[in-house]
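> Here's my sequence, what's the structure:
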Amino acid sequence: MPSLSNSNSVALATPPYAGCRLVLHTELAPVRSRWLATLAAGAGSVFQTWEWNATWYETIGQRHGVLPRIIELRDPADQTRVLWPLGIYRRGRLRVLDFLGDVVTDYRAPILTPGFPGHDDPAAFEVLWRQVLKLAGRADAVDLRRMPALLDELANPMVGLRRARHTENAYSLRLPASVEQLHAQQSTKRLADNRRSLRRLADHGAVRIEPDHTDAGRDAVTQTMAEQKSRRWRETGSRDWFAEPGYLDFYRTLEFTETPGAQVNVASLAVGDACVATHWGLIFRGRHYWILPTYAEGPWTRYSCGRLLMQAMVEWDIAQGRTVFDLTVGDEAYKKDWVSEPSLLYRWRAALSVRGSLWLAGQHLREWARDQAWLRGAVRRLRGGRLKAPAAKY
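This is a model prediction of the structure:
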C-alpha cells in the first residue's frame, strides 16, 4: 500500500461542490476539534461521537490493525459539512473499508450538517462518494452496514446510493409526556404481571432498582453485566466478545468528556445481595440507547427480571424528560412488545479489486442460499442428525 501522510486533500470543481475540498486524515487526533464541532452543529447518533470512536480505536481498533480513514467535506469557507469516520480493516487477506466501531456500533453513518452541499442532489452525491472512495486509498472492498435512513431527522444520503439495500431493523419508543400515559398504552396484563413479579421478588429480599450508578458502583455492575452477557452468548452459541482482548476494556473505560449531553448509563435490579439484572447503555440528545441488557440465570429467570428493569428505565426516562427510548438493532420479540414499526437500516457494498469481486460474489451466493427454504431445511436435518450417512460396507 502506498504511504499516506497524516492528511491529504482534493479540491472539487463540479457543482454543487465547486470550491469545496475533501480532506483525508489517517489518524484520529488531528481531526478531533473539527469532529467535535461538526457533531455539535450537525446530525448524528451517540455512535458518531468523538469519544465513542476514539475509545473504540484505542481499545479494539488499533489492536486489530484498523487503519483510520477519516474524510471531511469542507465548504469554500473551510467549514466541515460532512465527516465520514471510516477505516480499513483486515479480514483474512481482504482489505475492507467500513465505518469505525465495527460490531460495537449499532448505527453507522457520517456526521451531517444541515443543508450540506449536495444534500438535495442524489446524483451529485453519488459522484462525490466515488471521490471519497478514491481518496480513502487502496482497499479490496467496501462494506457499510447498519446505516439509518435518518439522522436527527436529516435524510442520510448514504442510503440513497445505488445498490444500497435494507438489511436490518432497529426499534425505538417515542416516550409520552407522563408515566400514566405510558401505562395507558401498555397491556394491563403485562403491567399486572410486572407488579406480581416485584411482589414475589420481595419475598427473597429487599428489591432495589438503581437507574444510574455513580462511578463508585459502576465498575462492579459493569463486571456483573459482562459475566451475565458472556454466559448468555455461550448459551446461545454466539461469539463471546468479552472473552476477546479489548472489548470489556472499551465498555469499562468509555467516558464522555467533550460531547455535551452524552453519557454512559449503567443500571441494575438487585434483590438482597444478588444483582439479578443489569443494563449498560448510553444517553444523548434526549435519547436513551438500550444496548447491553442482561439477567441472572437459575431461579431468577421465572421473575422476568430483565423486563422489570426495562420497565423501570422507561419510566425513569420519562421522569427525566427524555423523548426516545431506543432499543437499537435486532428483531428480538421483546422489542415488538414496545413498538410496532421498525426503523430501516441499510447496507452498501462494492468490490474494488479482483479479490474483492470474489468476496462479493461469495457474499451473494451465501445470501441466495439463506433464502432457499429447501436448503435451510436440509441443513437443519443434517445438523440434527436426521440425515444419516449410508452404512459402510465391509
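> Show the contacting residues for the nearest residue to residue 99 once chain neighbours are set aside.
Among residues not flanking residue 99 along the chain, residue 108 sits closest, at 3.9 Å (CB to CB, 6 or more residues apart in numbering). Every C-beta, even on glycine, is put in place using the N, C-alpha and C of the backbone. By CB atoms under 8 Å, 6 or more residues apart in numbering, residue 108 lies in contact with 47, 98, 99, 101, 144, 145, 146, 147.
> and with 10 Å instead?
Contacts of residue 108 were listed using CB atoms under 10 Å, 6 or more residues apart in numbering, and they are 45, 47-48, 85-86, 98-102, 144-148, 158, 345-347.
> and residue 147, backbone torsions?
Backbone torsions of residue 147, given as degrees, to the nearest 10, read phi -90, psi 120.
> Tell me who's in contact with the most centrally placed residue in the chain.
For the chain, residue 106 is the residue whose C-alpha lies nearest the centre (CA atoms, centre = their mean; 1.0 Å). Taking CB under 10 Å, 6+ apart, we find residue 106 in contact with 45-47, 146, 148, 168, 170, 282, 289, 291, 326-330, 345.
> among those, which two are most distant?
With CB to CB as the measure, no two of the contacts of residue 106 lie farther apart than 168 and 282, at 19.1 Å.
> The two: which has the busier surroundings?
Counting neighbours by other CB atoms under 10 Å for residue 168 and for residue 282 shows that residue 282 has the greater number, 23 against 17.
> sec struct for that one, please.
Using DSSP: H, G, I helix; E, B strand; the rest coil, the structure places residue 282 in strand.
> is it true that it touches residue 105?
No - using CB atoms under 10 Å, residue 282 is not in contact with residue 105, being 11.2 Å away.
> Which neighbours do those two have in common?
Counting by CB under 10 Å, 6+ apart, the shared contacts of residue 282 and residue 105 are 45, 46, 47, 52.
> and which of those is nearest to residue 370?
Closest approach to residue 370 among those (CB to CB): residue 47, at 27.0 Å.
> Could you report the separation of the closest one from residue 53?
Distance check for residue 47 against residue 53: by CB to CB, to the nearest Å, it reads 8 Å.
> When those two are compared, which one has more neighbours?
Shown here are residue 47 and residue 53; by other CB under 10 Å, residue 47 has more neighbours (25 against 22).
> picking that back up, of the shared contacts of residue 282 and residue 105, which belong to strands?
Counting by DSSP state E, no part of the shared contacts of residue 282 and residue 105 is found in strands.
> quick one: which two of the residues you listed are the most distant?
Greatest spatial distance among the shared contacts of residue 282 and residue 105 (CB to CB): 45 and 52, at 9.1 Å.
> what is in contact with those two at once?
Common contacts of residue 45 and residue 52, defined by CB under 10 Å, 6+ apart, comprise 105, 282, 284.
> can you count the residues close to the first one?
Applying the criterion other CB under 10 Å, we find 22 residues in the vicinity of residue 105.
> so who does the residue nearest to it when sequence neighbours are not counted touch?
Take residue 105 and drop its neighbours on the chain: the residue closest to it by CB to CB, 6+ apart is residue 47, 4.7 Å away. Contacts were defined as CB under 10 Å, 6+ apart; by that measure residue 47 touches 53, 56, 85, 99-101, 104-109, 146, 148, 282, 284, 289, 291, 328.
> hey, where'd the helices end up in the protein?
Using DSSP state H, the helices of the chain run over 32-41, 50-56, 122-136, 179-185, 188-202, 215-235, 247-253, 305-319, 333-336, 354-370, 373-383.
> Out of those helices, which gets nearest to residue 69?
Here helix 122-136 is closest among the helices of the chain (CB to CB), at 4.5 Å.
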